[in-house]
Structure formats: C-alpha cells, structure tokens
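K.L.:
Just need the structure, nothing else, for what follows:
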Amino acid sequence: MNKEQEILLDLLVKLDRFFSEHNITYYIDGGTAIGAIRHNGFLPWDDDADVYVTRENYDKLLSVAGELEDIGVVLGCYELYENYTKTVAKFTDLNDTAFVKSDAFHGLAMGQHIDIFVLDPVPREKVEEYYKYFNIYSELLTYNYVVNENIISYIDEYEKYEKLAKRIGRHKVLELLKSEFTKYTEENSDCYALRWGQIPIVYQKYIFGNPRKVCF
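P.N.:
The predicted structure follows:
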C-alpha cells in the first residue's frame with residue numbers, strides 16, 4: 001500500500017465510523033469494491049475511492065454534515081456550497097492536499113477525498129425523463145467543464161432553462177430541475193439511476209439490499 005492509499009484507507013475508516021454513528025447506509029463501488037473482493041483492499045494501481053448512497057441516505061448525510069469538521073473532514077457538494085460545480089459529492093480530508101484540476105474553482109479544501117455517488121429511485125418507465133432533467137441540471141451546474149455530449153438530446157429544453165436562469169437566477173433553476181429528477185419515491189420505483197462521468201447507469205433496486213461488511 002502506498003502513501004496515498006494509506007491516507008485513503010484512513011479516510012474510509014472515518015467515513016465508515018461516521019456513517020455507522022448516524023445510521024447512514026452506504027455501498028463501496030467501482031474499483032473500490034473490486035479491490036475489496038479481489039485483494040481485501042485497494043487494487044494495486046488504484047488512487048481513489050468511491051461509494052454509493054441512496055438519495056434518502058444522502059439527505060441524512062447533509063443533515064449532519066456540520067459535524068464532519070470534528071473528524072477533520074468536509075463534505076463538498078452543491079447543496080452546501082453554491083460555488084461547487086460537480087454532481088458527485090466529495091468526502092474530503094482537511095489534513096492533506098490533493099490537486100484536482102476540475103476542483104480549482106469551488107473554494108473548498110483540496111485534500112484527499114472519497115467520491116460519493118447518489119442513487120436516485122426511478123420507475124423503469126421514467127428513466128428517460130429522469131436523465132433529461134438530470135443532464136440539463138448537470139450542464140447548468142458544471143458550467144466550467146467541457147460540454148457534455150448527452151445534452152444534445154435535450155438541447156431545446158436546455159436552452160429554455162439556460163434563458164430562465166438568466167431571468168430568475170441559476171440557483172433557483174437548479175433547484176427546480178433537481179425537484180424534477182428527485183420526485184420519485186422508493187415505494188413507487190423499481191430502479192436506481194445515477195451518472196458516472198458522462199455515462200448513465202441504471203440498476204435494478206433489488207441489487208441493493210442490506211450491505212454486508214467486507215475485509216478491507
């Protein structure tokens with residue numbers, strides 16, 4: 001394990017303890033999950049860590065985020081910091097520095113971090129509608145990035161919301177769009193949806209039950 005992975009492991013321990021204390025359910029995913037199963041730790045070449053939380057658990061995390069500074073962490077996300085320009089939240093260490101070019105403008109700590117992806121409940125027949133609003137939201141939120149090609153499918157509506165943002169303010173329009181793609185309930189949904197980079201991903205909900213602990 002290299003120095004970077006040692007810091008990440010310490011951060012994962014902090015996340016696990018904090019989430020457990022506040023009854024927040026999470027799942028490791030991506031290379032972090034593969035490493036846990038294949039190596040009982042990080043993939044030898046891995047330099048980041050990723051977790052999933054449902055929208056319900058993410059909202060729970062937001063409600064207690066003020067306590068994170070006590071353990072040397074800050075939660076970077078748009079809901080808490082209006083200058084933040086990513087759809088993925090970052091559980092960020094306050095005790096070290098990690099330079100990420102795309103984070104240069106949000107004004108928050110630039111420490112080692114864990115990416116937190118939100119699983120939104122969506123009925124299968126509403127997935128296309130979900131991604132329409134999510135992609136427009138993402139494009140308005142990440143205004144300092146290269147244009148996401150997914151927006152081309154919704155360019156007319158995107159331009160409508162862009163003009164509306166100039167009239168009533170970007171923050172109000174982002175909240176309006178978020179209310180559209182988070183309006184579905186757990187009870188009435190059979191899928192979870194998110195976007196990894198520019199790639200939309202849809203999971204059947206039954207995949208995510210009660211998580212089991214794994215050796216890491």
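
K.L.:
For this structure, which helix or strand comes out least confident on mean pLDDT?
P.N.:
helix 30-39 (a mean of 86; mean pLDDT, DSSP states H and E).

K.L.:
Can you tell me which helices and strands that one packs against?
P.N.:
strand 50-54 (3 or more Cβ pairs under 8 Å, 6 or more residues apart in numbering; DSSP states H and E). C-betas here are computed from N, CA, C, even on glycine.

K.L.:
Kindly point out the strands partnered with the strand it packs on and how each is oriented relative to it.
P.N.:
Note on strand 50-54: by DSSP bridges, its sheet partners are strand 27-28 (antiparallel), strand 113-122 (parallel).

K.L.:
ok, then the element right after that strand?
P.N.:
Next in sequence after strand 50-54, counting helices and strands by DSSP states H and E, comes helix 55-64.

K.L.:
returning to that earlier point: show me which of the strands paired with strand 50-54 has the highest average neighbour count.
P.N.:
strand 113-122 (a mean of 22; mean count of other Cβ atoms under 10 Å).

K.L.:
For it, list the C-alpha coordinates in PDB.
P.N.:
C-alpha atoms of strand 113-122 as PDB (Å, rounded to 0.1, in the frame of the first residue of the first chain):
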ATOM      1  CA  HIS A 113     -11.200  12.500  -0.900                       C
ATOM      2  CA  ILE A 114     -13.800   9.800  -1.400                       C
ATOM      3  CA  ASP A 115     -16.400  10.300  -4.200                       C
ATOM      4  CA  ILE A 116     -20.000   9.900  -3.100                       C
ATOM      5  CA  PHE A 117     -22.500   9.000  -5.800                       C
ATOM      6  CA  VAL A 118     -26.200   9.300  -5.200                       C
ATOM      7  CA  LEU A 119     -28.600   6.500  -6.200                       C
ATOM      8  CA  ASP A 120     -31.900   8.100  -7.200                       C
ATOM      9  CA  PRO A 121     -35.000   5.900  -7.100                       C
ATOM     10  CA  VAL A 122     -36.800   5.900 -10.500                       C
END
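
K.L.:
Look up how far Glu82 lies from the residue of the chain positioned farthest from its centre.
P.N.:
Centroid-distance maximum for the chain: Arg167 at 28.5 Å, with Cα atoms, centre = their mean. To Glu82, Arg167 is 18 Å away according to Cβ to Cβ, to the nearest Å.

K.L.:
now do Val173
P.N.:
On the measure of Cβ to Cβ, Val173 and Glu82 end up 13 Å apart.

K.L.:
These two: which has the busier surroundings?
P.N.:
Neighbour count, other Cβ atoms under 10 Å: between Val173 and Glu82, Val173 has more, with 21 against 12.

K.L.:
Secondary structure element holding the more buried one?
P.N.:
helix 170-181.

K.L.:
Parallel or antiparallel, which strands does the helix or strand following that helix pair with?
P.N.:
Following helix 170-181 in sequence order, the next helix or strand is strand 191-196 (DSSP H and E). Its sheet considered, strand 191-196 pairs with strand 113-122 (antiparallel), strand 199-204 (antiparallel) by DSSP bridges.

K.L.:
Next, the angle helix 55-64 makes with the first one.
P.N.:
By that I understand strand 113-122. Put simply, strand 113-122 runs at 130 degrees to helix 55-64, going by axes from the mean of the first three to the mean of the last three Cα atoms, to 10 degrees.
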